[in-house]
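Novice: Whatever this is, show me its structure:
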Amino acid sequence: MDIEYLDTTDEERIVVGLRMEDGTLHGCSFARDTVEWRIAEYDLDPDDLDAVVEAVIYEQMAPPAEKGKGLADAPDIATAREEWKRRVGVAKKARPLTAKRTRGVAEDVSEPFAFIKGACEVNPEAIQIKRELVRQGRERHAVRRVLAEQQRPPSRLDRLRDQLATADRMKKGRHVNADDTPKPDQA
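Specialist: Predicted coordinates:
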């Protein structure tokens with residue numbers, strides 16, 4: 001896979017054209033502050049922008065996160081980060097970046113990542129604010145997940161198991177409630 005084309009759309013997005021092994025062109029775009037968000041979300045090193053930029057390009061081709069390991073539902077940021085790196089690694093292995101030639105706005109740039117890094121916003125204060133927003137978002141998601149579990153109606157299997165248990169108790173002549181307390185007329 002080659003980076004073949006780089007551009008910016010107005011002031012908001014970076015467009016990357018990727019030439020795949022079969023010759024097809026795959027386009028992806030991301031917001032200029034995506035690199036900041038990934039640094040904040042996964043507690044990445046802001047000085048290693050090449051790795052973050054490369055991962056942002058690859059994450060668009062990565063498989064989905066395993067249940068319980070995504071940013072919102074992982075037990076901690078370290079688990080989410082490792083899952084994100086695993087997913088990016090799967091995409092990288094499937095489509096390794098073999099060359100970094102470019103056309104378009106970046107024709108005069110010998111290193112495409114330099115163009116992307118120059119177009120990205122990376123501000124330490126913004127990263128800190130985004131880290132706090134991520135923390136608050138994870139906290140809200142955890143509360144919603146707990147509330148959803150508490151309010152979840154019994155599953156079809158749970159209802160069937162209750163019906164089976166009731167039928168078994170009735171067979172034995174025990175007319176009791178589901179919690180084995182005698183029914184008022186049987187006391």
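Novice: Distance of residue 26 relative to residue 120?
Specialist: Noted for residue 26: a distance of 20 Å to residue 120, by Cβ to Cβ, to the nearest Å. C-betas here are computed from N, CA, C, even on glycine.
Novice: who has more neighbours, the two?
Specialist: Set residue 26 next to residue 120 and count neighbours by other Cβ atoms under 10 Å: residue 120 wins out with 19 against 14.
Novice: Spit out the contact partners of the closest residue to that one other than its chain neighbours.
Specialist: Sequence neighbours aside, residue 35 is the residue nearest to residue 120 in space, at 4.4 Å (criterion: Cβ to Cβ, 6 or more residues apart in numbering). When contacts are counted by Cβ atoms under 8 Å, 6 or more residues apart in numbering, residue 35 touches 49, 52, 53, 56, 117, 120, 121, 122.
Novice: Next, residue 8: secondary structure please.
Specialist: Applying DSSP: H, G, I helix; E, B strand; the rest coil to residue 8 yields a three-state assignment of strand.
Novice: Contacts only, for residue 158.
Specialist: So residue 158 contacts nothing (Cβ under 8 Å, 6+ apart).
Novice: That one: helix or strand, and which one exactly?
Specialist: helix 156-171 (DSSP states H and E).
Novice: Export only the CA atoms of that helix, formatted as PDB.
Specialist: Output of helix 156-171 as PDB, limited to C-alpha atoms (Å, rounded to 0.1, in the frame of the first residue of the first chain):
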ATOM      1  CA  ARG A 156     -36.100 -15.300  27.100                       C
ATOM      2  CA  LEU A 157     -34.000 -18.100  28.600                       C
ATOM      3  CA  ASP A 158     -34.400 -16.600  32.200                       C
ATOM      4  CA  ARG A 159     -38.200 -16.600  31.700                       C
ATOM      5  CA  LEU A 160     -38.100 -20.200  30.300                       C
ATOM      6  CA  ARG A 161     -36.000 -21.300  33.300                       C
ATOM      7  CA  ASP A 162     -38.500 -19.700  35.700                       C
ATOM      8  CA  GLN A 163     -41.400 -21.500  33.900                       C
ATOM      9  CA  LEU A 164     -39.600 -24.800  34.200                       C
ATOM     10  CA  ALA A 165     -38.800 -24.300  37.900                       C
ATOM     11  CA  THR A 166     -42.500 -23.400  38.500                       C
ATOM     12  CA  ALA A 167     -43.700 -26.500  36.700                       C
ATOM     13  CA  ASP A 168     -41.200 -28.700  38.700                       C
ATOM     14  CA  ARG A 169     -42.500 -27.300  42.000                       C
ATOM     15  CA  MET A 170     -46.100 -27.800  40.900                       C
ATOM     16  CA  LYS A 171     -45.400 -31.400  40.000                       C
END
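Novice: can I assume the residue nearest to residue 120 sits in a helix?
Specialist: Yes. According to three-state DSSP, residue 35 belongs to a helix.
Novice: what separates it from residue 159, distance-wise?
Specialist: Residue 35 is 49 Å from residue 159, by Cβ to Cβ.
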